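Asker: mind folding the following:
(2 chains)
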Protein chains: 2
Amino acid sequence: MVLYIVGLGLGDEQDVTLRGLNVIKTAHKVFLENYTSILGVQLDKLAAFYGREVLLADRDCVETGADQIFADAKDRDVAFLVVGDPLCATTHSDLILRAKALEIRVEVIHNASVMGAAGACGLQLYSFGQTVSIPFFRDEWRPDSFYEKIQYNRRGGMHTLCLLDIKVKEPDFEAMCRGRTVFLPPRFMTVNQALEQLLEIEEKRQEGAYTKDTMCVGMARLGQNDQRIVVGTMEQLLTADFGAPLHCLAITGEVHPLEDEMLKQFLVKP
Amino acid sequence: MVLYIVGLGLGDEQDVTLRGLNVIKTAHKVFLENYTSILGVQLDKLAAFYGREVLLADRDCVETGADQIFADAKDRDVAFLVVGDPLCATTHSDLILRAKALEIRVEVIHNASVMGAAGACGLQLYSFGQTVSIPFFRDEWRPDSFYEKIQYNRRGGMHTLCLLDIKVKEPDFEAMCRGRTVFLPPRFMTVNQALEQLLEIEEKRQEGAYTKDTMCVGMARLGQNDQRIVVGTMEQLLTADFGAPLHCLAITGEVHPLEDEMLKQFLVKP
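Answerer: Now for the predicted structure:
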């Protein structure tokens, strides 16, 4: 029948659209993608609100087959829920293409995404260039392909939205060596960690894509009641407290007067 | 009290969020911004669905005072409805700043926007650069500041989303000369008109920002039931039929294999 990919928005159970809620209420099965973002509400509360069982779909399930989802969608409507908008920060192109290859109809129900909500800081979304992802560095693994992208955006006067890494269901290798399958608790990169890594790369490359004095906007829990936006230099934001996840970061390009006026509301307290 | 700026999403009355609907139902007054976008549903149907009177706020009302809105919001909650997301394609920064200067609390209720829904064509939103607006050319007035922006995006491998002009409440100067205040019917730029103007500018400037063979994606009524997406060269799309408004256009930069796979679904029929 139809595989509905339903955006849930950013806040809590109240941010679903009427169209989305109707699909969730009537679908044969309801899956929630839980590896690229999180909502400000617990799964059990969400399920109770919908009056439906909500099955978690982790990265393995979605990227290496999604067989369970497709098997159900062959004969009945299935709702696949995604935090934010289904096609924004994380695209589900692969899922859509595989569904179509199996002749399953796909319908996308849009919603707010972090890429839109980032406008809350006052930077014009028009003036953002390409978006970058900042991955957690590990020992020797310190990839910096985001660096040229930020540089190119800034040379063209554009802002850069940085989406910050999320690790869920990381294997605990120590426990695994002892023969048990154990996962580490989920980790969410903070604005502070992202800035440390960005400054480390600038220190190494010295090409001036940005400096510790570049104006940035740290944002946490966008679209939720307690969202937090703080504006300051990279150095100032290194120690600002943003609280619980999710965090993201905007690196400014050329700031126009109206943008500047908006940003002033959120200036870091000295 | 609170000025709620409520995104309505892109399709029809079913695309409001539960949070947004609750505000609309309980606000003292409800305004609808009607000069930057349109929903796929008539005003009377929308008002009937909400069970509320919906007051139209045109550009004059919002940009030169918004006094009526602020007067109401001083003492009671007011809902200001915006098609799409309140902070995306059209920012309402000015309205927000003026409200704050009057010590009126502002809350934004996000929703889907064209900048997110454009992902439906299969191009990754990550890889879009700055967004441009294409204005209707008039006689001698043929502004082309979008040209350098598209050029810069494409040189960096980025796609460009082009938002197309809307004219509502244009004065009919002929009638006005006869002493009557008359407005022309609304006009919405089509994908075809946008491409004509783009090719005219390339013809004039000859800097190769794009050519008639550049792959583009024409999109109409995104997020609505009858949305239409067609992929082809600029030349091919010049004559493609997209039907009713709103239209928008994406000019591709570097297309990655997964994007290519998605785009193929929408290739123009020869």
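Asker: show me the shaky parts of the stretch 1-150 of chain A.
Answerer: Counting by pLDDT under 70, the stretch 1-150 of chain A contains low-confidence ranges at A:64-65, A:89-91.
Asker: OK, contacts around residue A:108?
Answerer: When the contact criterion is CB atoms under 8 Å, 6 or more residues apart in numbering or on different chains, the partners of residue A:108 are A:4-5, A:7, A:86-87, B:120. Any C-beta I mention is one placed from the backbone N, CA and C, and that applies to glycine too.
Asker: where exactly do the helices run in the stretch 151-270 of chain A?
Answerer: Chain-ordered helices for the stretch 151-270 of chain A, with DSSP state H, counting those that start in this stretch as the definition, fall at A:173-177, A:191-205, A:234-237, A:257-263.
Asker: state the distance from the nearest residue to residue A:252 once chain neighbours are set aside to residue A:232.
Answerer: The spatially closest residue to residue A:252, leaving aside those adjacent along the chain, is residue A:215, at 4.6 Å (CB to CB, 6 or more residues apart in numbering or on different chains). When CB to CB, to the nearest Å is applied, the distance between residue A:215 and residue A:232 equals 7 Å.
Asker: was I right to think residue A:37 contacts residue A:166?
Answerer: Yes - Residue A:37 is in contact with residue A:166 according to CB atoms under 8 Å; the separation is 7.2 Å.
Asker: ok, back up a step: can you lay out the helices of the stretch 151-270 of chain A as JSON lines showing mean pLDDT?
Answerer: Compiled in JSON lines, these are given as follows (pLDDT from 0 to 100):
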{"stretch": "helix A:173-177", "mean pLDDT": "82"}
{"stretch": "helix A:191-205", "mean pLDDT": "98"}
{"stretch": "helix A:234-237", "mean pLDDT": "98"}
{"stretch": "helix A:257-263", "mean pLDDT": "94"}
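Asker: so which of those comes closest to residue A:98?
Answerer: When the helices of the stretch 151-270 of chain A are ranked by proximity to residue A:98, the top entry is helix A:173-177, at 29.7 Å, counting by CB to CB.
Asker: so the residue nearest to residue A:252 is in contact with residue A:236, correct?
Answerer: No - counting by CB under 8 Å, residue A:215 does not reach residue A:236; the two are 9.3 Å apart.
Asker: tell me the pLDDT at the closest residue to residue A:162 other than its chain neighbours?
Answerer: Closest residue in space to residue A:162, ignoring its immediate chain neighbours: residue A:249 at 4.3 Å, by CB to CB, 6+ apart. The pLDDT attached to residue A:249 in the predicted structure is 98.
Asker: in contact with residue A:249, which residues?
Answerer: A:134, A:161-162, A:164, A:191, A:194-195, A:216-219.
Asker: which among the residues you listed count as buried?
Answerer: Of the members of those, the ones counted as buried by neighbours, 16 or more other CB atoms under 10 Å in any protein chain shown, are A:134, A:161-162, A:164, A:191, A:194-195, A:216-219.
Asker: reformat those residues as TSV; add distance to residue A:62.
Answerer: Rendered in TSV, the data for these read as follows (distance: CB to CB, whole Å):
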residue	distance to residue A:62
A:134	22
A:161	24
A:162	24
A:164	21
A:191	28
A:194	25
A:195	31
A:216	32
A:217	31
A:218	30
A:219	26
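Asker: which one of those residues is nearest residue B:227?
Answerer: Within the buried ones among the contacts of residue A:249, distances to residue B:227 taken as CB to CB reach their minimum at residue A:161, with 25.5 Å.
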